[in-house]
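dropping the sequence and predicted coords here.
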Amino acid sequence: MKPSTRDLVGAALFFVLGGVVAVVAAQLPMGGVRLPGSGAFPIVIGIAMIVLATSLALQRTLPPNSVSSSDEIDEPEQWGNARVALVCALIAAFVLLLPVAGFPLGGALLMIALYVIGAGRLGVGSVAAGVVTALVAYALFVLLLDVPLPRGSLWGF
């Protein structure tokens, strides 16, 4: 399948999926500006999916000079699919590890691994950024938003 055909098929699928998300979310309570309901965020996501899918479809169907100055479509990176699979596996492992290790440790391990994948190497910066990101997320949810996150059975809580 040519890259432009693949992009059009992907755009069509995301357009339909965004429409389904928006229609289902519209049946949920929307709430107000000060207190959004359970349907507010999903409908925004559905509409964003539709807009982005439309943008991709227009990019691939209009003449190249009318949308972008690039002449060639970049070929995917050699290890791109492996990275995507690895990120999916890491997220699945995080979900399984969460009840045992808790959010602070599990989140830090996940973020360190994601930073290492992004940087291409393990370094002090990746470890520090992963730990800080997990701690900031924990502080944001637990301290500021008062949302309980799993502490983990590993620690006896």
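Nice, I can see it. Numbers count the residues shown, from 1 in each chain.

after the worst-scoring helix or strand of the chain on mean pLDDT, which helix or strand is next? Please name it.
Within the chain, no helix or strand scores below helix 64-67, which has a mean of 56 by mean pLDDT, DSSP states H and E. Going down the chain from helix 64-67, the next helix or strand is helix 80-119, by DSSP states H and E.

tell me the pLDDT at P150?
pLDDT recorded at P150 is 85.

where does pLDDT dip in the chain?
Counting by pLDDT under 70, the chain has low-confidence residues at 1-3, 64-76, 155-157.

swap in 50 and give it another go.
Residues of the chain meeting the criterion pLDDT under 50: 66-67.

secondary structure element for R60?
helix 40-61.

which parts of that helix are buried?
A40, I43, G46, M49, I50, A53, L56, A57, Q59, R60 (16 or more other CB atoms under 10 Å). (Glycine included, C-beta is placed from N, CA and C.)

domain parsing for the protein?
For the chain, automatic domain parsing gives the domain ranges 3-67, 80-155.

what sits closest to L56 if chain neighbours are left out?
Leaving aside its chain neighbours, L56 sits nearest to A11 (4.3 Å; criterion: CB to CB, 6 or more residues apart in numbering).

ramachandran angles for P150?
Note on P150: its backbone torsions stand at phi -60, psi 130 [degrees, to the nearest 10].

just use 66 as the starting number from now, easier for me
With the count now opening at 66, the last piece we talked about shows up as P215.

what about it, distance to A194?
Relative to A194, P215 is positioned 22 Å away (CB to CB, to the nearest Å).

helices or strands up against the helix holding R125?
Applying 3 or more CB pairs under 8 Å, 6 or more residues apart in numbering; DSSP states H and E, one finds that helix 105-126 contacts helix 68-91.

how about residues contacting the helix it packs on?
With CB atoms under 8 Å, 6 or more residues apart in numbering as the contact definition, helix 68-91 has outside contacts at 66, 104, 107-108, 110-115, 117-119, 121-122, 124-126, 138.

do stretch 170-179 as well
Stretch 170-179 is contacted by residues 152, 155-156, 158-159, 162-163, 166, 191-192, 194-196, 198-200, 202-203, 215, 217, 219 when judged by CB under 8 Å, 6+ apart.
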